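1. Got a predicted structure here, sequence first:
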Amino acid sequence: MSTAVTPSAPTRDAGPDGSGTGQSALRRFPAALLRALLTQRIVLLLVLLVAVVVTFVLLSRRNYLTAAYDASYMSTALISAVPLVMLGLAELLVITSGRGGIDLSVGANVSLTSMVFGFAYGEWGWPLWPAILLAAVFGGLLGAINGYLIAYIGYPALITTLATYYAYSSLAVVINGQQPISTGPIQKLYSTAESVNVLGLPVPLGTLTFLLPTAVVVWLVLNRTTYGRRLYAIGTNDVAAEWTGIDVRRSRFTAYVLAGVVSGLVAVVTVAQFASARPDAGTAGNGMALPAITIAVLGGVAITGGIGRVAGVVLATLLIVWLNAGILLAVPGNAGSQFQLFALGAVLVFAALLNGLTTRRYGAR
Amino acid sequence: MTTTTTPGGGSPATPDTHTAEARGRVLPFPITGQEIVLIAVIAVLWVVLALATPAFLTGSSIVPLFVATAPVALIGVGMTVVIITGGIDVSVGSIVMVCAVVVAKQLVDSGLPLLPAVLLSVAVGGMLGLVNGVLIAYGRVHAIIITFGTANLFRFLGLQLFGGTTVNGIPDTLDVFGRGGAGRTLGVPHSFLVMLVIAALAWYYLRHTAGGRHLYAIGGDANAARLAGVKVQRRVLLAYVLTGLVTGLAACFVIAQGTATLAPNVGDGMELAAIAAVVIGGTSIMGGRGSVLGTVLGALLVQTVTSGVTQLNWPSQLASLFIGIFILIAVGADLLRQRARRTT
């Protein structure tokens, strides 16, 4: 691995411009700001986020958009952030675990778990909570298959998850003869995808019941548990971690299991959103895996492992979601979704190039 | 770069051994164990399929199999070169889409003849490959991230060109590469033949030229290769341009094998199919090891599974399950061999 032995990102919480002392601090401010923009992904994302929101609000005020881009529109748009943030966090866990960690199978996992959840809740008449639990466990099981092959046998993550992507998505389609499950109970589940009123804003319920808890739990796991520190350690340098007595294989295995559990929960959200358990829920079109990886990388997760923060993933998602929501108003019709592809690609390439520049200018991050 | 371990074999490109016998000593045997196993697996599958459905081994079933193999195998040849350098290109599906729509529109609008159409497609593919190559080689960013990004950008470009509809009434200019009678001579499909010629060229380049050996060196250890005098950035750039060029040609095959209508979902999933073919063929995803021959066999295996599932009247999506399992077996075999090499 080329990651040098810098402290992992979460320990660098101290403000970037609080370091200078005395009279020179003011003079050094522009350079410090530039440095913060380039080296602290969160600062950059915040600036971009503000720029995007301000731009669209101004456009909206001048009536360039087909509908008002205001607080209520922005909060309604958060519905599409739920799967993105959750799968982005799944990728955060997996990519941080190092050794080329990546999970291409999350979308296929969502598809297959959707069908299993659909069977349990829609056909076998399970109550809601056991069915959700089943989805989480089943998703975790699919993740465990990835994790076992990668961590214990030593398969390269990219290829393993490519193979399981094929396998899971195939099973998802075959398991019910290509048919979606949309029986009565599942259609009623749609009500849980509605919006609730928080401080006068229509907030999609999924953000409160799924997104927020997941983000908090992942943050706690990464920053307040021994396991989290171990994960950063094995991602930064797994040989060194091995010598300090960390069970590298088990820690890496757990990362894939956790990613699977999160995917299983996303399956529940997706079923509720569509009011139907669809066999191609997570694999239709571009699938869910590629946007999730994009979000993670944009959020500052280093593809080489060992670096990544929950806040970065959340901010990156907000940036993409609100940018996409604005594009839909600015470019009506079919072209809107095409420009969303453009925006996603351009932002990703820009962020990646910036990472490269940062590494060269300020040394290893 | 990000290589973790130095692979056991295949990479020593020592420039001071120019005599034929020295070269023979350095190079691995032309056909690897995995490739022999692959041939055996394909043969067994064909026999089983022939027993299960008597129609399988007849010409009307085998020839379309070769025709359908050609585009994925061709892209796989480029992908092999890229993966040998330690990179990857997940944007090839989008490149196919852009090339196909550009060429199809020209065929419909201006009645482009065969040769210019192929050249146009190859040129467009090469240009998109150049974009990837410049960003990866000179931006010093991991290939998978850049190509995820450019995949979105190319897809945007393609959808803009499609303009929300399909391209209809494509003339039969490209039928020499198609599945019909015009697409074969003495029963041999042209598209497969062209693919074989290009694969042979790539095989020679990778195995017997200094430039080709440099690609292995880069995949083995990019830093070591640079210190040994390899122009790493230029070689990496070349690898992605080559992939773009062959992908452009593959787009012509795709148009020729389709109907007279081209839909915007053209090229969907081809990147994964090509990567699957490469990996099943025994090329190491970590770079530094692999061969074009394996990739062609891998593509043939993938296509055999796909058409076999169809002929057995199983649900067609079941093919992906088998492809996934084949990938796991192929990579597992590779891991075992690596371990064996390390212990000896």
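-> Done, it's in.
2. What about A:Leu46, how many residues nearby?
-> Per other Cβ atoms under 10 Å in any protein chain shown, the neighbour tally for A:Leu46 reads 16. Where you see a C-beta, it was placed from the backbone N, CA and C, and this is true even at glycine.
3. Nearest residue to it in space, please, no chain neighbours.
-> Among residues not flanking A:Leu46 along the chain, A:Leu315 sits closest, at 6.5 Å (Cβ to Cβ, 6 or more residues apart in numbering or on different chains).
4. Next up, the contacts around that neighbour.
-> A:Ile42, A:Leu45, A:Leu46, A:Leu49, A:Gly299 (Cβ atoms under 8 Å, 6 or more residues apart in numbering or on different chains).
5. Check A:Ala90 too.
-> Residues near A:Ala90 by Cβ under 8 Å, 6+ apart: A:Asp103, A:Val106, A:Leu258, A:Ala259, A:Gly260, A:Val262, A:Ser263, A:Ala292.
6. one step back: highest neighbour count among the contacts of A:Leu315?
-> Within the contacts of A:Leu315, most neighbours by other Cβ under 10 Å means A:Gly299, with 28 neighbours.
7. Please tell me I have it right and it contacts A:Leu89.
-> No. Using Cβ atoms under 8 Å, A:Gly299 is not in contact with A:Leu89, being 9.4 Å away.
8. Overlap of the contact sets of the two?
-> Shared contacts of A:Gly299 and A:Leu89, defined by Cβ under 8 Å, 6+ apart, comprise A:Val313.
9. that older thread, kindly reformat the contacts of A:Ala90 as TSV containing secondary structure.
-> Converted to TSV, those look like this (DSSP: H, G, I helix; E, B strand; the rest coil):
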residue	secondary structure
A:Asp103	coil
A:Val106	helix
A:Leu258	helix
A:Ala259	helix
A:Gly260	helix
A:Val262	helix
A:Ser263	helix
A:Ala292	helix
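10. Just to check, A:Ala67 is in contact with A:Tyr73?
-> Yes. A:Ala67 is within contact range of A:Tyr73, at 7.0 Å (criterion: Cβ under 8 Å).
11. Now name the helix or strand holding the nearest residue to A:Gly125 once chain neighbours are set aside.
-> Spatial nearest neighbour of A:Gly125, excluding adjacent residues (Cβ to Cβ, 6+ apart): A:Pro185 at 7.4 Å. Element membership of A:Pro185, judged by DSSP states H and E, is helix A:184-188.
12. after that helix, next one along is what?
-> Following helix A:184-188 in sequence order, the next helix or strand is strand A:195-198 (DSSP H and E).
13. A:Ala67 and A:Tyr73: who's more crowded?
-> A count of neighbours by other Cβ under 10 Å puts A:Tyr73 above the other of A:Ala67 and A:Tyr73, at 20 against 10.
14. just for the chain, where's the confidence low?
-> Let's take chain A. Of all residues in chain A, those with pLDDT under 70 make up the ranges A:1-25, A:192-193, A:285-286, A:359, A:361-365.
15. Sorry, I should have been clearer: chain B.
-> B:1-27, B:59, B:344.
16. can you pull out the helices in it?
-> Ranges of helices in chain B, per DSSP state H, are B:20-26, B:33-52, B:59-84, B:92-110, B:114-139, B:143-162, B:190-208, B:210-220, B:222-227, B:232-257, B:270-280, B:292-311, B:318-343.
17. what's the answer for the stretch 251-365 of chain A, then?
-> A:289-298, A:310-330, A:334-362 (DSSP state H, counting those that start in this stretch).
18. how many neighbours does A:Gly122 have?
-> By other Cβ under 10 Å, neighbour count at A:Gly122 equals 23.
19. give me the residue from the stretch 1-150 of chain B nearest chain A.
-> Taking Cβ to the nearest Cβ as the measure, the point where the stretch 1-150 of chain B comes nearest chain A is B:Gly149, at 3.8 Å.
20. Pretty sure A:Leu353 is one of the things that residue touches, is it not?
-> No. With contacts counted by Cβ under 8 Å, B:Gly149 stays clear of A:Leu353, the gap being 9.3 Å.
21. From chain B, how far off is A:Leu329?
-> As judged by Cβ to the nearest Cβ, to the nearest Å, A:Leu329 and chain B stand 18 Å apart.
22. Contacts only, for that residue.
-> Neighbour list for A:Leu329: A:Phe56, A:Ser60, A:Leu65, A:Thr66, A:Ala67, A:Tyr69, A:Tyr73 [criterion: Cβ under 8 Å, 6+ apart].
23. about what we covered before: intersection of neighbour lists for B:Gly149 and A:Leu353?
-> Shared contacts of B:Gly149 and A:Leu353 (Cβ under 8 Å, 6+ apart): none.
24. between these two, which one's more packed in?
-> A count of neighbours by other Cβ under 10 Å puts B:Gly149 above the other of B:Gly149 and A:Leu353, at 28 against 18.
25. coming back round to it: burial check on the residue nearest to A:Gly125, number of neighbours?
-> By other Cβ under 10 Å, neighbour count at A:Pro185 equals 17.
26. Chain neighbours aside, what residue packs nearest to residue 264?
-> Answering for chain A, as no chain was given. What sits nearest to A:Gly264 in space, not counting adjacent residues and going by Cβ to Cβ, 6+ apart, is A:Gly139, at 2.0 Å.
27. hm, I was asking about chain B
-> Spatially, and ignoring its direct neighbours in sequence, B:Pro264 is nearest to B:Phe162 (4.7 Å; Cβ to Cβ, 6+ apart).
28. what two of the contacts of A:Leu329 are the furthest from one another?
-> Pairwise distances across the contacts of A:Leu329 peak at 12.0 Å for A:Phe56 and A:Thr66 (criterion: Cβ to Cβ).
29. For the two, work out which one has more neighbours and name it.
-> A:Phe56 (23 against 14).
30. ok, the more buried one - contacts?
-> Applying Cβ under 8 Å, 6+ apart, we find A:Phe56 in contact with A:Leu65, A:Tyr69, A:Trp322, A:Gly326, A:Leu329, A:Ala330.
31. need the contact list for whichever residue of chain B sits closest to chain A.
-> Using Cβ to the nearest Cβ, the single residue of chain B nearest to chain A is B:Asn152, 3.0 Å away. With contact set as Cβ under 8 Å, 6+ apart, B:Asn152 has these partners: A:Asn286, A:Thr294, A:Leu341, A:Phe342, A:Leu344, A:Gly345, A:Leu348, B:Ser94.
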